[in-house]
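With the input below, show me the fold.
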Amino acid sequence: MLGAHLLGLVAVAVAVALGLWQYDAWQERRAAEAVDLTQRAPVPLADVIGPDDSFPGTRVGQPVEVAGTWQPSATVLVSGRVQGGVDGYWVVTPVAVADSSLPVVRGWVASPDDVPAAPEGSVDLVGWLQPPEGTGAVDDDPTDDVFPQLRAADLVQRLDGDVYSAYAVAQDGVGGLSPAALEELPDAGRFTALKNLLYALEWWVFGAFAGFIWWRFVRDAQAEQATR
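Residues are numbered from 1 along each chain as shown. Presented below is the predicted three-dimensional model:
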């Protein structure tokens, strides 16, 4: 029976090891997607995303250089932004970049009464790139300038032309505003590296099956020997 024991042990050990390898690969890929890019050197906006591109999920928090023209008439507030334990608002003014508009979070205020006049003219700033929000919050009054979340779809009706599928949070508050806080690390997607996780589970199932076959073989051998 030594040969059968050795074969069963090797089969189970190999399956467990391969499963752990795939599990480690799953964890590493998810960790790689959640890399903190906020301290990296800024790059031109066009090097990260174009006007018609979907948001690149691996570039959340990337500092980008934004150059264009302010669109002050489209300034809005985004409610529910807590900083220092105080519930306040983001002040958002789009910047025209070529033929599209990029929403820029100029800063944070505690009250709508504290919002300074929107800037005008050309602008050149550095901001952290963020994906559009989709919290599902309902806007109780679509006619006002206060939004519950920052989405390109909500700004389209206020602007002429396309809106980037992203927004930037200015690193320094613009026009005397306090800098807005942001989530520095992106969350790994639910299905990130799912194939590796499934492979890990598959190998562990194979290992359990090999263990079961070994158990059945030993049981049958013992039963046969007992009947002799």
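
what ranges of this protein fall below the confidence cut-off?
29-36, 135, 183-193 (pLDDT under 70).

now the helices for it?
2-33, 152-156, 194-227 (DSSP state H).

how far is the longest strand seen in the chain from where the chain is centred?
Determined from DSSP state E, the single longest strand within the chain is strand 86-97. A distance of 20 Å separates the centroid of the chain from that of strand 86-97, by CA atoms, centre = their mean, to the nearest Å.

Put the alpha carbons of it into PDB.
Only the C-alpha atoms of strand 86-97 are listed here, as PDB (Å, rounded to 0.1, in the frame of the first residue of the first chain):
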ATOM      1  CA  VAL A  86     -18.300  68.800   8.900                       C
ATOM      2  CA  ASP A  87     -20.900  68.000   6.200                       C
ATOM      3  CA  GLY A  88     -20.300  70.300   3.200                       C
ATOM      4  CA  TYR A  89     -20.100  70.600  -0.500                       C
ATOM      5  CA  TRP A  90     -17.700  70.200  -3.400                       C
ATOM      6  CA  VAL A  91     -17.500  73.200  -5.700                       C
ATOM      7  CA  VAL A  92     -17.200  72.000  -9.300                       C
ATOM      8  CA  THR A  93     -16.500  74.100 -12.400                       C
ATOM      9  CA  PRO A  94     -15.900  72.400 -15.800                       C
ATOM     10  CA  VAL A  95     -12.800  73.200 -17.800                       C
ATOM     11  CA  ALA A  96     -13.100  73.200 -21.600                       C
ATOM     12  CA  VAL A  97     -10.300  71.000 -23.000                       C
END
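
And that strand, what's buried?
Using 16 or more other CB atoms under 10 Å as the test for burial, strand 86-97 gives 88-97. All C-beta atoms are positioned from the backbone trio N, CA, C, and that covers glycine.

From the helices of the chain, pick the one with the highest average neighbour count.
Comparing the helices of the chain by mean neighbour count (mean count of other CB atoms under 10 Å), helix 152-156 ranks first with a mean of 17.

outside of it, which residues touch it?
74, 76, 94, 101, 103, 132, 139, 147, 163-165, 167 (CB atoms under 8 Å, 6 or more residues apart in numbering).

a markdown table for these, including distance to D113?
Output for the contacts of helix 152-156, formatted as a markdown table (distance: CB to CB, whole Å):
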| residue | distance to D113 |
| --- | --- |
| A74 | 20 |
| V76 | 16 |
| P94 | 22 |
| S101 | 26 |
| P103 | 22 |
| P132 | 28 |
| D139 | 21 |
| F147 | 18 |
| V163 | 28 |
| Y164 | 30 |
| S165 | 32 |
| Y167 | 24 |
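
Which two among those residues are spaced furthest apart?
Pairwise distances across the contacts of helix 152-156 (CB to CB) peak at 20.6 Å, for the pair D139 and Y164.

Who has more neighbours out of those two?
More crowded of D139 and Y164, by other CB atoms under 10 Å: Y164, with 24 against 14.

how close does that one sit to F55?
As defined by CB to CB, to the nearest Å, Y164 lies at a distance of 9 Å from F55.

what residues do these two have in common as contacts?
Listed as contacting both Y164 and F55 by CB under 8 Å, 6+ apart are I49.

how about stretch 130-137: buried residues?
Neighbour counts over stretch 130-137 (16+ other CB under 10 Å) mark 130-133 as buried.

Of the buried residues of strand 86-97, which is the nearest to M1?
Taking the buried residues of strand 86-97 together and measuring to M1 by CB to CB, the closest member is W90, at 71.0 Å.

residues contacting the residue nearest to E202 when sequence neighbours are not counted?
Computed as CB to CB, 6 or more residues apart in numbering, the closest residue to E202 that is not its neighbour in sequence is G19, at 7.8 Å. For G19, the contact set (CB under 8 Å, 6+ apart) comprises 199-204, 207.
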